[in-house]
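Peer 1: Got a predicted model here, sequence first, then my questions.
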Amino acid sequence: MVPRPKDNGELSFRDSISNALGEEPVLRSGKEFIAVDISKLPPGSVIWDNVPDGHVSVKNVPLEIMQDALIGKWTFPR
């Protein structure tokens, strides 16, 4: 859960395991994914920007809080 340099400190999530139409699949067979309980994240840190559809940005959340909000980690397809 470390932001990529191009993401300016934001973490990038999807609001479901679906892939946006016309986009390269976000979740690929055999790759790991995580689930996060956003109710455990600070108010205002979760932004549903929907670019592309279903995209969620998470800003300014310390790693310890993100780890506490982690529900699980699986391999796709689950």
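Peer 2: Structure received.

Peer 1: Give the other helices and strands that the lowest-mean-pLDDT helix or strand in the chain contacts.
Peer 2: Least confident helix or strand of the chain, by mean pLDDT, DSSP states H and E, is strand 10-14 with a mean of 81. On a contact count with 3 or more CB pairs under 8 Å, 6 or more residues apart in numbering; DSSP states H and E, strand 10-14 meets strand 55-59. In this view, the C-beta of every residue, glycine as well, is placed from N, C-alpha and C.

Peer 1: Could you point out the helix or strand that follows the least confident helix or strand of the chain?
Peer 2: On the C-terminal side of strand 10-14, the closest following helix or strand by DSSP states H and E is strand 32-36.

Peer 1: what does that following strand contact?
Peer 2: With CB atoms under 8 Å, 6 or more residues apart in numbering as the test, strand 32-36 has contacts from 1, 13, 17, 27, 58, 66, 69-76.

Peer 1: Most neighbours among the residues you listed, please name it.
Peer 2: If you count neighbours using other CB atoms under 10 Å, the busiest of those is Val58, which has 21 neighbours.

Peer 1: Just the contacts of strand 32-36: which are in strands?
Peer 2: With DSSP state E as the criterion, strands contain 13, 58, 70-75 from among these.

Peer 1: Tell me how far the most centrally placed residue in the chain lies from Ala69.
Peer 2: Nearest to the mean C-alpha position of the chain, by CA atoms, centre = their mean, lies Phe13 at 2.1 Å. Here Phe13 is placed at a distance of 11 Å from Ala69 (CB to CB, to the nearest Å).
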